[in-house]
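> no sequence for this one, just the structure:
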C-alpha cells in the first residue's frame, strides 16, 4: 500500500510540475488571448510620441556614433511604436489620419532600409535613411500640431 501511495504522490507531483511548466511557457501565454507585452505599449498619442522621441534619439545616437549593431532592434521598436499611432488617433480629422497612416507605412519602409543598411555595416546608407526617417517623423508630428494647440 505504501508503494502505491508513493507512486500516486509522485504522479501528482509530476502532473503539477508539468502543469506549472506549461502554464508558464511563453508559447502558450502568447496564445491565451491576452497580450502580456501590451503592458509596455503606449495607450495614448502623447505616450506614443514620448516613446517615439526616446527611440528616435537612441537611434540617431547609434547611427551618428557609428554604433550600427543595435540599430536593427531599435528601428524595429520604433516601427512598432509608429504602427500604434493610427489606432490611437481616433480624435484626428480624417484627412490628417490618412496622412498619418501613409507616413507610418513609409516610415516602416524607411526604418527597414535603415536597419538593413546598419546590418550591412553601411554607415552612409544608414545616415541617409535616418534622414528619411526624420523627414517622415516631421510629417507625422505636423498632423498632431493643430490638435495640440486647440487643447491649450
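Yes, it's here. Note that this is a predicted model, so its numbers are computed, not measured.

> what about the longest helix in the chain?
In the chain, with assignment by DSSP state H, the single longest helix is helix 123-151.

> flag the shaky bits of the chain, pLDDT-wise.
Across the chain, residues meeting the criterion (pLDDT under 70) sit at 1-39, 146-152.

> show me the helices in it, by range?
2-23, 26-30, 45-64, 71-88, 94-119, 123-151.

> would you turn those helices into TSV with mean neighbour count?
From N, CA and C alone the C-beta is placed, and that goes for glycine too. Output for the helices of the chain, formatted as TSV (neighbours: other Cβ atoms under 10 Å):
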stretch	mean neighbour count
helix 2-23	10
helix 26-30	11
helix 45-64	17
helix 71-88	19
helix 94-119	18
helix 123-151	15
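
> and residue 102, how far from residue 78?
Distance of residue 102 to residue 78, given as Cβ to Cβ, to the nearest Å: 17 Å.

> should've said residue 45
Distance from residue 45 to residue 78, by Cβ to Cβ: 16 Å.

> please report how far the residue nearest to residue 50 when sequence neighbours are not counted lies from residue 121.
Leaving aside its chain neighbours, residue 50 sits nearest to residue 42 (7.2 Å; criterion: Cβ to Cβ, 6 or more residues apart in numbering). To residue 121, residue 42 is 32 Å away according to Cβ to Cβ.

> and these two? which has more neighbours close in?
In this view residue 42 and residue 121 are compared by other Cβ atoms under 10 Å, and residue 42 has more residues nearby, 16 against 11.

> report the contact partners of that one.
By Cβ atoms under 8 Å, 6 or more residues apart in numbering, the residues touching residue 42 are 48, 50-51, 81, 84, 88.

> what's the answer for residue 68, then?
Contacts of residue 68 by Cβ under 8 Å, 6+ apart are 62, 118-119, 121, 123, 126.

> if we go to 7 Å?
Shown in contact with residue 68 (Cβ atoms under 7 Å, 6 or more residues apart in numbering): 62, 118, 121, 123, 126.

> surely residue 75 and residue 116 touch.
No - contact criterion Cβ atoms under 7 Å: residue 75 and residue 116 do not qualify, at 9.3 Å.

> any chance of the contacts of residue 42 in JSON lines, plus distance to residue 143?
Supplementary listing: the contacts of residue 42 in JSON lines, determined by distance: Cβ to Cβ, whole Å:
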{"residue": "48", "distance to residue 143": "13"}
{"residue": "50", "distance to residue 143": "17"}
{"residue": "51", "distance to residue 143": "17"}
{"residue": "81", "distance to residue 143": "16"}
{"residue": "84", "distance to residue 143": "15"}
{"residue": "88", "distance to residue 143": "12"}
